[in-house]
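Student: Return a 3D structure for these sequence lines:
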Amino acid sequence: VALGIDPRALPAALAAPSLPPTAFLALLQRLRRERRRVALVDCRNRYEWIYGRFEGALCPDTRAFSEFPRWLARARPQLEQADAVLMYCTGGVRCERASALVQRELSVSDRGGVVVRTLAGGVVRFLETFRDALELPAGSWAGGLVMFDGRRLVRHRAVERDAFRAVCELCAARVRLDELRSLHSERDRCDYCRARMLLCRECSLEGGADSAVKDATAACIARGNVLCADCDTAARYGTLKKPQLLRLALERRADLNELTLARKMDGIHC
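Tutor: I've put the predicted structure just below:
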């Protein structure tokens, strides 16, 4: 995975020791029970974190893994004050690479200092380890795990009954995972940077087609440009080209008109 740093500057030997799921959870629970300062770092991207995460995990707020070093530069004072830095990702690859950078930047050594550990096998192995449990351990994983294959979203059976809610990035509505329509949608992206966005049924271009595509221009103006948090902030400061945003939004609406018409002809309802 690309971290944006020369691999020769981050040899595998710098990676933090990894712990199997049961040991990782035991360490996390012990640190919390002893009221120690623990930084639980999610090494995935923002839209993955929104769908599901470990309780109390820090979100680096990245759109790509290559942005992790910039987040680390900002978060370094916080991590240096922690007694332990625990890291995880989807399958264990990203957190292994990120832990090498953390150990290098924090000057971690076997002689003492901040303890850095990663979750071996990532959340995938964690959910597999507890797949037969009726409930996930308290204070551990909540929500769904975004996968980059046909599965799209993996959930423990206990998650079907829990109170976890995701937050729509446009209207801030709190919705259940099974009520979302935008996972891996090529349409629900920021109109400017094209980053994936998590949207509820009402805001999603996939889910709200029937009511939103009668007039592409009117729909665009009524809903406004679809921007992620970063681009929305930049737009308010006048650093984005609004005519370009409007053009992109209109193009998306035009494409959606064609998609909706095709679905209606096939007897498929959006």
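Student: Dump the C-alpha coordinates for stretch 191-206 into CSV.
Tutor: Extracted C-alpha coordinates of stretch 191-206, given in CSV (Å, rounded to 0.1, in the frame of the first residue of the first chain):
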residue,chain,number,x,y,z
ASP,A,191,-18.5,16.8,-7.0
TYR,A,192,-15.0,18.4,-6.7
CYS,A,193,-12.4,15.8,-5.4
ARG,A,194,-14.5,12.7,-6.2
ALA,A,195,-14.0,11.3,-2.7
ARG,A,196,-16.6,8.7,-1.7
MET,A,197,-19.3,9.9,0.6
LEU,A,198,-21.7,8.2,2.9
LEU,A,199,-25.3,9.4,2.2
CYS,A,200,-28.7,8.4,3.4
ARG,A,201,-31.5,7.3,1.1
GLU,A,202,-32.9,10.8,0.8
CYS,A,203,-29.6,12.4,-0.1
SER,A,204,-28.2,9.5,-2.2
LEU,A,205,-28.3,9.8,-6.0
GLU,A,206,-28.9,6.1,-6.1
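Student: What residues of that stretch count as buried?
Tutor: 191-192, 195-200, 203-206 (16 or more other CB atoms under 10 Å). In this view, the C-beta of every residue, glycine as well, is placed from N, C-alpha and C.
Student: Looking at these, which one is closest to residue 145?
Tutor: Closest approach to residue 145 among these (CB to CB): residue 198, at 13.9 Å.
Student: quick one: that closest one from residue 155, how far?
Tutor: Plainly put, residue 198 is 15 Å away from residue 155 if you go by CB to CB, to the nearest Å.
Student: got it, and residue 62?
Tutor: From residue 62 over to residue 155 (counting by CB to CB), the distance is 23 Å.
Student: And the helices in the stretch 1-150 of the chain?
Tutor: 21-33, 46-51, 68-80, 93-105, 122-129 (DSSP state H, counting those that start in this stretch).
Student: Quick one: closest of the ones you listed to residue 176.
Tutor: helix 46-51 (11.5 Å).
Student: Please name every helix or strand in contact with that closest one.
Tutor: strand 145-146, strand 166-167 (3 or more CB pairs under 8 Å, 6 or more residues apart in numbering; DSSP states H and E).
Student: mean confidence score for it?
Tutor: Per-region confidence: helix 46-51 scores 83 on mean pLDDT.
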